[in-house]
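Undergrad: curious how this folds, go ahead:
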Amino acid sequence: MNDDTGPVNEGDVETATDIPVAGSGDVTADSTDAPAGEPQQTAFDVHSFPGGARSAIEAILMVVDQPVTALDLATALELPVDYVTEHIEDLDHEYADQQRGFTLRCINGGWRVYSRADYAPAVEKFLLDGQHARLTQASLETLAVIAYRQPISRSRVGAVRGVNVDGVIRTLVTRGLIAEVGAEGEQGAMLYGTTPYFLQRLGLSSLDELPALAPYLPDADVVDELIEQGHG
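TA: Okay, the predicted model is just below:
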């Protein structure tokens with residue numbers, strides 16, 4: 001990480017209209033004449049948000065479920081990559097200086113917010129206390145899909161269940177029943193699998209002892225088809 005450069009004064013930097021931005025080309029933000037099949041661009045000026053571009057970058061980093069690169073952020077917000085990188089580094093220093101409970105971590109070129117290791121005892125106690133509460137039906141169904149189809153990505157779980165599972169995945173991770181176990185490709189979607197605590201709660205010594213439910217779940221090619229239909 002570079003030395004702290006301090007907050008960026010937006011009056012001292014060029015605006016997004018003065019310099020080239022990632023993926024912008026000659027297309028304006030309010031592009032109503034996009035070719036058929038092309039995604040419609042959202043009409044907004046990132047500098048008009050409370051806190052400007054920096055806060056917009058922070059908002060995205062708070063909700064992503066896998067590390068995102070500065071290029072990804074720059075493309076989404078139509079900003080220069082170097083400008084985005086500078087804001088990310090400033091945020092990282094700000095979190096450290098203010099002793100926040102979370103930090104920014106760069107993994108395989110992508111950035112994501114994580115809880116700071118200094119607060120591990122508090123996080124661990126919260127997780128252990130939460131593990132004794134009953135799971136909802138949605139959590140149980142999602143957990144079953146992951147248990148029988150692991151390692152599996154969030155989008156594949158959602159395709160099997162037919163609903164958005166972002167919140168349920170976070171709950172299961174918080175409860176210590178599932179964990180990130182890898183990624184699809186170099187910068188692909190995060191893959192999830194069950195934990196030793198999951199086996200402990202079910203009284204199993206290995207996944208081989210799970211009841212024979214897998215035949216009732218769709219196989220990989222069917223899941224891929226469901227995902228494609230969802231994007232259609």
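Undergrad: from here on, just use CA atoms for contacts and neighbour counts.
TA: OK.
Undergrad: so where's this protein shaky on pLDDT?
TA: For the chain, the stretches with pLDDT under 70 are 1-43, 127-128, 130-133, 186-187, 213-232.
Undergrad: quick check: domain ranges of it?
TA: Following automatic domain parsing, the chain resolves into domains at 10-115, 131-231.
Undergrad: and of those, who's closest to V123?
TA: domain 10-115 (8.3 Å; CA to CA).
Undergrad: which elements pack onto the helix ranked longest in the chain?
TA: The longest helix of the chain (DSSP state H) is helix 81-97. Judged by 3 or more CA pairs under 8 Å, 6 or more residues apart in numbering; DSSP states H and E, helix 81-97 is in contact with helix 52-63, helix 70-77, strand 102-107.
Undergrad: quick check: closest non-adjacent residue to S206.
TA: The shortest distance from S206 to any non-neighbouring residue, by CA to CA, 6 or more residues apart in numbering, is to L199 (6.7 Å).
Undergrad: can you count the residues close to the one you found?
TA: Neighbourhood size, L199 [other CA atoms under 10 Å]: 17.
Undergrad: and if you look at the one 4 residues further on?
TA: Burial measure for G203: 10 neighbouring residues, criterion other CA under 10 Å.
Undergrad: what about it, distance to P196?
TA: Look at G203 and P196: by CA to CA, to the nearest Å, they are 10 Å apart.
Undergrad: what do you get for A159?
TA: Look at A159 and P196: by CA to CA, they are 26 Å apart.
Undergrad: more crowded one of these two?
TA: Taking neighbours as other CA under 10 Å, A159 and P196 compare with A159 leading, 22 against 14.
Undergrad: A183 - nearest residue in space that isn't next to it in sequence?
TA: Nearest non-adjacent residue to A183 (CA to CA, 6+ apart): M190, at 4.4 Å.
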